[in-house]
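Asks: attaching a predicted model along with its sequence, questions to come.
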Amino acid sequence: MTLEGVAQAPPTPTEGPAAASPAAASSAAAPPIAGSPAVTSSAAAPPIATSPAITSSATASPIATSPAATPPGDLEPPRYLGSPRRRPAVSTAVRGAVPLLLVTAWWYGTGSGAISPDVLAGPGAVLGALGELVATGQLGDYLLASARRAGLGVLAGGGIGLLLGVVAGLSALGEELIDPTMQMKRAVPFLALVPLFISWFGVEETFKVVLIAVAAVGPMYAYSYLGVRGADRKTVEAARGFGLTGPRLVLGVVIPTALPNILMALRICLSVSLTGLIAAEQIGATEGIGYLVTLAQQYYRSDYMVLCILIYAVLGLLIDLAIRGVERLAMPWRGHVAAR
């Protein structure tokens, strides 16, 4: 084969990438300045001038290029993690279902003769006794007398228990001085103090108020002490850093932090006060619900006995509803974080 044939023959596969095409050879041999505009622009162009497909494929994350990923426009709104609150009507119906069933069973048992009237008076007899008290005006007087005694006793006993609980919770010295005595007091039933209080105060109003106050001190102290001890120390330190000390620190930070425990203590104090009220009004009293219980026992009026029990049950329900209302006003955030 002649030299001209070799020069005109196409490159063989064995030559591979080492053999360059005439266009590549000419572009490689030409200097950058003397090269063609296309070659010069492609050689001098920055990386941002590359094709969009190459750029997006090189810089996109695997999540963005995945065909299964959800486009931004089709994102679903986040789900509400909490449980929806019941409507007020539904909640009221659920709360009243069990008491209504108990009243229905009571009515059916006494009306059918399964329960003797001597054992348990029927609803009709109880309503008749209620009508007698309302007609004579005694029901209002008895309720006012009992409410006055219970209110004064809870106010005095709850205030003392709150003060002692805050002092014992804030100060180590206060805890050492107060807590042992309060623990001993809690171990002594307040009804065991009735004979001693009668010898000290007689059987007048002072005895009744003091007995209810002593009954209310224990729960208020215990829950207030736990609430103050459970206060966030970082919050207290931050308040001290802003200059709050003494009574301002207690009233502005410590008491609001311990408010859930204090309200729970108030609920228990009001319930315990009803027990102390019965014991106090059965001794030397001429009016009050406890006095009515004593009269029903002396004359063996089961209708009045049941009526007094229902009055105490209604009072307990009203107390609970009042405390719940105070909780919603003072701590509105608890309705959102409470487990339902």
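Replies: Great, that's in hand.
Asks: and the helices in the stretch 51-200 of the chain, which stretches?
Replies: Shown for the stretch 51-200 of the chain, the helices assigned by DSSP state H, counting those that start in this stretch span residues 52-59, 62-65, 88-95, 97-111, 123-136, 138-170, 172-187, 194-201.
Asks: list the residues that contact the closest residue to Ile212 other than its chain neighbours.
Replies: In space, and not counting its chain neighbours, Ile212 is closest to Gly153: 2.6 Å by CB to CB, 6 or more residues apart in numbering. Quick note: C-beta positions are derived from backbone N, CA and C, even for glycine. Neighbouring residues of Gly153 by CB atoms under 8 Å, 6 or more residues apart in numbering: Lys208, Val209, Val210, Leu211, Ile212, Ala213, Ala215, Ala216, Ser273, Gly276, Leu277.
Asks: and of the helices of the stretch 51-200 of the chain, who's closest to Val253?
Replies: Closest to Val253 of these, according to CB to CB: helix 138-170, at 11.0 Å.
Asks: how far is that closest one from where the chain is centred?
Replies: 25 Å (CA atoms, centre = their mean, to the nearest Å).
Asks: that helix versus helix 123-136: what angle between them?
Replies: Between the axes of helix 138-170 and helix 123-136, defined by axes from the mean of the first three to the mean of the last three CA atoms, to 10 degrees, the angle is 100 degrees.
Asks: helix 138-170 vs helix 172-187, what angle?
Replies: Using the same axes, to 10 degrees: helix 138-170 against helix 172-187 is 140 degrees.
Asks: show me the shaky parts of the protein.
Replies: 1-73, 78, 80-85, 333-340 (pLDDT under 70).
Asks: mind redoing it with 80?
Replies: Residue ranges of the chain with pLDDT under 80: 1-88, 91, 232, 236, 244-246, 330-340.
Asks: rewinding a little: and the contacts of Gly153, which of them are in helices?
Replies: Lys208, Val209, Val210, Leu211, Ile212, Ala213, Ala215, Ala216, Ser273, Gly276, Leu277 (DSSP state H).
Asks: what's the neighbour count on the first one?
Replies: The reference is to Lys208. Neighbourhood size, Lys208 [other CB atoms under 10 Å]: 29.
Asks: what are the phi and psi values at Arg301?
Replies: Main-chain dihedrals, Arg301, degrees, to the nearest 10: phi -100, psi 100.
Asks: just use 13 as the starting number from now, easier for me
Replies: Sure, I'll start counting at 13 from here, so that last one is Arg313.
Asks: that one: neighbour count?
Replies: Neighbouring residues of Arg313 were enumerated by other CB under 10 Å; the total is 17.
Asks: how about it, what does it touch?
Replies: Here Arg313 is in contact with Ala141, Leu307 (CB under 8 Å, 6+ apart).
Asks: can you do 10 Å?
Replies: Ala133, Ala137, Ala141, Leu304, Leu307, Leu319, Cys320 (CB atoms under 10 Å, 6 or more residues apart in numbering).
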